[in-house]
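> This is a predicted model, with the sequence first.
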Amino acid sequence: MPAQHEHVESSQDSKHEVVLDTDDDFLYGERLAGDNIPETGEETIDSSIRTYRHPSEKSQPSVPISSVSRMPEVVDDYVRNFLHRMGMKKTLGCFQTEWYEFQSRGNIPKEELTSVPDAYHQNQLLHEQLQHISKELQRSQVTCSKAQEECVKLRKERDYSRMHHKRLEQNKERLVAEIQRLKKHCSTYEPSIQEMKKKYEAAMKEKTLTKLELEKTLSHITSLQNSMGIFDASNIEFDTKDESCIPHYLMPIGQTTRSQHVKRAQEKSPSKCEPNVVQFLKDVINPHQHRDIHPAPNLSTAEGFRPNKTIQAHKVAISGIALHPKEQVLATVSDDQSWMLWSLPDGQHIMTGEGHSDWISDVDFNPEGTMIATSSGDSTVKIWDISRQDYILQFTDHTQPVWSCEWHCGGDVLISCSMDNTAKIWDINNERCRSTLRGHADSVNGITFLPYSNIVCTCSADKTISLWDARTGICAQTFYGHFHSCNHVTFSLKGDTLASCDSYGVVKLWDVRTASAMATVDVGPHPANHVAFDPSGSVLAVASNDGTIKMYHIATGKVDTLHNHEDSVNSVLFDRLAGAYLVSASHDATIRIWS
């Protein structure tokens, strides 16, 4: 094969002369650098960039690209390209020298100068394509793993959403069934209400007619006396020892009979008609008023209290708890319409009582510990004899659900508060309501006695707290300061400090003697359901709706948090003796003892 030689020379005037030594007879011309080159249909750089950035814009019609035929590669070029690609320059130089030497001598046979088989080139292309596919596979595997993780996450969220939706559906069905039951229950009262309304209207009509007839008769008698002058009732003397002989229409107005005197004397002397109320009317000295009570060592920090015992007390939410005044016994009430007694600290079940027709909101032991009182959503307050495990007395004067109840230190009087905007004082011995405390404009949510006194404190959804004299039923003082519904109030053991909490987690301390606010602490935004002082009055426990118990240190203002409940905490109490342990009840149907 004849060899081709190319000679290139450069000059200062930017002219290039190219001389090609070929075997053909074709004459190659020379073109200067300044000569015009005819334009072709190829795209410029600017038009290419414009087409890349805005592919939607259509420019001039594109010129079809001519196909290029690939010439097969000869053996020596294949070897040179391979050595050059591998960087074997020394081997390439030796090959060049030896190859041209053999070629000049004619030692290389013509059959060896053929083209390289296309399989080598195809193998090289396939190898490069395989490497590219391998990289794409690795990227696809990474993308697939991320997509798989995202799929698992979405599947978990889907399962959680389904479970939550199913629970909401169950709650909805339960509420619908409860609404239907209540509607059916209310429909049974409609005939009785209509009948009572008719009787009331008839009675009022009869009363009005009787009153008119009486006034007409009295005016007729007066006119007869003035016209005839026969009878002058003011000058007639009657024998007061025998009142049966005196006609009622001749009784002088303003003259008091002996029976009326006796009745008034009995009303002024409660010892004769109400023999067991005298103890309630007496003032009792608070034995803890001047006592120096030291706080328990574990009250200094929240780490001192740890959950020591968990009792699965009821099947549904526990709404109230109470400690026995003398024994280590705990009483619990729940939305399952039952109350239970538990021994502390082992948590053994003692007994169960049932009798309410709706949820029970609160419970309290009498001072002797022989009876308990419960308040319920069925608008009743029941007194239970623990030995008989049955209720012995029931009060039904409230017209709405009853939120709370508490015994007086004498054990003869019980107080309760209700959604009907009233609080009531119950005489246990006479089995009747002594007085009704009216004055709040909304539901009365909490009620308590000032320790060893006759002062009653109530808190209401109208954002106020009131102090009442239980003997007269008169409101003595009202505290203003809460901006939301008050949920609970309690006194310290010495009776000098009052604590209250509201539905936005704001807790306030009040000085009872000066009727002023002492401190305000915000443990919200979740509602604070219940508050309790330790025996020393230095720490206040707050039951929060976020499932925690806030420990507020009054002296330092520090707030610690106890975590363990799975739902809102509804009630919390300290040990009566030394505050060595804390008992909490939650919406998760459990009781936890912290020590």
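That came through fine.
> Low-confidence bits of the stretch 1-150 of the chain, can you list those?
1-72, 111-112, 116-118 (pLDDT under 70).
> Now with 50, please.
Within the stretch 1-150 of the chain, the ranges that satisfy pLDDT under 50 run 1-24, 26, 28, 32-35, 37-42, 58-59.
> Give me the phi and psi angles of the nearest residue to K463 once chain neighbours are set aside.
Leaving aside its chain neighbours, K463 sits nearest to H482 (4.6 Å; criterion: C-beta to C-beta, 6 or more residues apart in numbering). All C-beta atoms are positioned from the backbone trio N, CA, C, and that covers glycine. For H482, the backbone dihedrals are phi -80, psi 150 (criterion: degrees, to the nearest 10).
> One more: the one 5 residues further on?
When read as degrees, to the nearest 10, the backbone of N487 gives phi -100, psi -30.
> Go ahead and confirm it touches D502.
Yes: between N487 and D502 there is a contact at 6.2 Å, judged by C-beta atoms under 8 Å.
> Need the residues touching each of those two.
527-528 (C-beta atoms under 8 Å, 6 or more residues apart in numbering).
> tell me the contacts of the residue nearest to K463?
Neighbours of H482 in contact, by C-beta under 8 Å, 6+ apart: 463-465, 500, 502, 506, 508.
> Return the distance of it relative to I321.
Going from H482 to I321 by C-beta to C-beta, to the nearest Å gives 25 Å.
> Could you do N445 as well?
Distance from N445 to I321, by C-beta to C-beta: 17 Å.
> swap in C409?
Taking C-beta to C-beta as the measure, C409 falls 20 Å from I321.
> Compare these two and say which is more crowded by neighbours.
Neighbour tally, C409 and I321, criterion other C-beta atoms under 10 Å: the higher count belongs to I321, 23 against 19.
> And the pLDDT at that one?
In this model, I321 is scored at 95, pLDDT.
> can you tell me the helix or strand for it?
In this structure, I321 sits in strand 318-323 according to DSSP states H and E.
> That strand pairs with which strands?
strand 329-334 (antiparallel) (DSSP bridges).
> Not counting the partner strand itself, show me its contacts.
With C-beta under 8 Å, 6+ apart, strand 329-334 has contacts from 313-324, 339-344, 350, 359-363, 365, 369, 372, 374, 583, 585, 589, 591.
> from those, which would you call buried?
The neighbour-count test (16 or more other C-beta atoms under 10 Å) marks 313-314, 317-324, 339-342, 344, 359-363, 365, 372, 374, 583, 585, 589, 591 as buried among these.
> how about the host helix or strand of K90: buried residues?
Using DSSP H and E, K90 falls within helix 89-105. By neighbour count on 16+ other C-beta under 10 Å, the buried set for helix 89-105 is L92.
> what packs against it?
For helix 89-105, the packing partners by 3 or more C-beta pairs under 8 Å, 6 or more residues apart in numbering; DSSP states H and E come out as helix 75-86.
> Please, which helix or strand holds L168?
helix 118-228.
> CA atoms of the strand holding I321 as PDB?
Provided in PDB are the C-alpha atoms of strand 318-323 (Å, rounded to 0.1, in the frame of the first residue of the first chain):
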ATOM      1  CA  ILE A 318     -61.100   7.600  86.600                       C
ATOM      2  CA  SER A 319     -62.600  11.000  87.600                       C
ATOM      3  CA  GLY A 320     -62.000  11.300  91.300                       C
ATOM      4  CA  ILE A 321     -60.100   9.800  94.300                       C
ATOM      5  CA  ALA A 322     -60.100  10.200  98.100                       C
ATOM      6  CA  LEU A 323     -57.900   9.000 100.900                       C
END
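> contacts for it?
For strand 318-323, using C-beta under 8 Å, 6+ apart, the contacting residues are 329-335, 359-365, 372, 404, 570-571, 573, 575-576, 583, 585-587, 589-591.
> and if we set it to 7 Å?
330-335, 359-365, 570-571, 573, 576, 583, 585-586, 589, 591 (C-beta atoms under 7 Å, 6 or more residues apart in numbering).
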